[in-house]
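Student: give me the fold of what follows.
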Amino acid sequence: MSNPATKSNLTVRILIGMLLGIIIGVLLQWSFDETNDRVISLFGLSVSFKEFFVLGIFDAGGQIFVNLLRMLVVPLVFVSLVCGVSSLSDPSKLGRLGGKSLFLYILTTCIAVTFALIMALIIQPGEGFTLPTETVYEAKEAPGLAQVIINMFPSNPIAAMADGNMLQIIVFSLLVGFAITKAGDAGKKIQGAFEALNEVIMKIVIVIMNIAPYGVFFLMAELAASVDINAFGNILQYFFLVFFLLILHALITYPVLLSTLARLNPLILLIKMKDTAIFAFSSSSSSATLPVTMATARNKLGVDKSVASFTIPLGATINMDGTAIMQGVATVFIAQVYGVDLSTTDLLMVVLTATLASVGTAGVPGVGLIMLAMVLQQVNLPVEGIALIIGIDRLLDMTRTVVNVTGDSTIACIVAKSENQLDKKMYNNMDL
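Tutor: Numbering: from 1, shown residues only. As a prediction, the model looks like this:
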């Protein structure tokens, strides 16, 4: 059993690293602006003092930490999914897991975007906004529905792993795991090898978690030193509305579902998610946080590995409740800025598009803004309006990621409880 003092100590160290990073970053930005930035000589090159720290030490340290997390994503998803599927005694269980997980993820996304639209229409964050003269944003073209479905199936699984295409990796992993269950004695030998490899990967996760305080420090220091405070001026109302809705979704929607469908104490889950939340906030990536989310679900929340290895990677790929909230508020905000009245049909189309897009565009870079571009195009709003909010999207993206990983763990617990694959004693043990 893990030492509770060690777990608590890690949480404290991560929080200290996060706070120190913010403080040092803010002090660095205030102390060395463009008018009084010092220039130092480094290996014969003249580099500004602020640039040396922000673009040098902080950026390098943060990127190394994020790369270490991302390094584990593909092997962790592939190996854990193969182990989970191959350990299923009843192959029909895979269909049940998939059906329940997909339904719940789509349900929470639908709730998120609907609630966001209602609140945005009531608060009206875009009313009275002065439109900037230059609002240019080059949106990448989003794939069509048919192409999305085709792209789920890999023509080259090795290329899918190299590219980090999570939907294709999940499909290939499911096929391999299912094949192992049908291969008799040979399959059992392969399954044993995957089980051993899975244990090794989880040990690597623990090693990386121990250096997390330093990685979080670098990430937060770089953000605090480089964020443009002036970008918040005209859109504070939009910012705080999205932020408030994200917190509300995490503290109300998920706990209600967990207590209603699984009869579990949601406060326990929220407390045990604190380390994962810090990872998610600092990395702004559900995929990069996946190893930590998986470890939390299995080792703290008591979700059986056969369920966790399926629902958590699936959630990291398709669950975008936080992004759906941003899309709902941003659509109304941009419509109000440009003086466009959204009809009831338009609002329903936003709900449908945002919900379905959360599944379809998971493997596309810059997914949040691309999904928003899809929604805007669907209701004939100018995509250029994205430029109005892109300046503060980074901070909101960090909070969205926290909401997303909390949703992943919540759904994993609900599905595990419905399959009698949840260790309630471990879930209720606050020492873990």
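
Student: list the buried residues in stretch 380-387.
Tutor: When burial is assessed from 16 or more other CB atoms under 10 Å, stretch 380-387 yields the following buried residues: 381, 382, 383, 384, 385, 386, 387. For the C-beta atoms, the positions are set from N, CA and C on the backbone; glycine is no exception.

Student: which residues touch the second one?
Tutor: Pointing back at residue 382 there. Applying CB atoms under 8 Å, 6 or more residues apart in numbering, we find residue 382 in contact with 334, 338, 376.

Student: most neighbours among those, please name it.
Tutor: Each of the contacts of residue 382 was scored by neighbours using other CB atoms under 10 Å; the highest score is residue 334's, at 27 neighbours.

Student: next, the residue lying closest to it once chain neighbours are set aside: secondary structure please.
Tutor: The shortest distance from residue 334 to any residue other than its chain neighbours is 3.5 Å, reached at residue 385 (CB to CB, 6 or more residues apart in numbering). With DSSP: H, G, I helix; E, B strand; the rest coil as the basis, residue 385 sits in helix.

Student: thought residue 246 was touching residue 401?
Tutor: No: taking contact to mean CB atoms under 8 Å, the distance of 9.9 Å between residue 246 and residue 401 leaves them out of contact.

Student: now do the shared contacts for the two.
Tutor: With the criterion set as CB under 8 Å, 6+ apart, the overlap between the contacts of residue 246 and residue 401 is residue 322.

Student: mind checking the SS state of residue 336?
Tutor: Three-state secondary structure (criterion: three-state DSSP) places residue 336 in helix.

Student: how near is it to residue 385?
Tutor: 10 Å (CB to CB, to the nearest Å).

Student: for residue 421, same thing?
Tutor: Counting by CB to CB, the gap from residue 421 to residue 385 is 45 Å.

Student: what's the nearest residue to residue 96 if we skip its chain neighbours?
Tutor: Excluding its sequence neighbours, the residue lying closest to residue 96 (CB to CB, 6+ apart) is residue 419, at 7.1 Å.

Student: residues near the one you found, how many?
Tutor: When neighbours are defined as other CB under 10 Å, residue 419 has 16 of them.

Student: got the contact list for it?
Tutor: Residue 419 makes contacts with 93, 96, 97, 304, 307, as judged by CB under 8 Å, 6+ apart.

Student: residues near the first one, how many?
Tutor: Right, residue 93. 16.

Student: quick one, what contacts it?
Tutor: Contacts of residue 93 were listed using CB under 8 Å, 6+ apart, and they are 306, 419.

Student: element containing it, please.
Tutor: In this assignment (DSSP states H and E), residue 93 forms part of helix 92-123.

Student: of all pairs in the contacts of residue 419, which one is the farthest apart?
Tutor: Distance extremes for these: the farthest pair is 96 and 304 at 13.7 Å, using CB to CB.

Student: more neighbours: which of the two?
Tutor: Remark: of residue 96 and residue 304, residue 304 carries more neighbours, 18 against 13, as counted by other CB under 10 Å.

Student: any idea how far the nearest residue to the more buried one once chain neighbours are set aside is from residue 108?
Tutor: When the adjacent residues along the chain are set aside, residue 304 lies closest to residue 421, with 3.7 Å between them (CB to CB, 6+ apart). When distances are taken as CB to CB, residue 421 and residue 108 turn out to be 20 Å apart.
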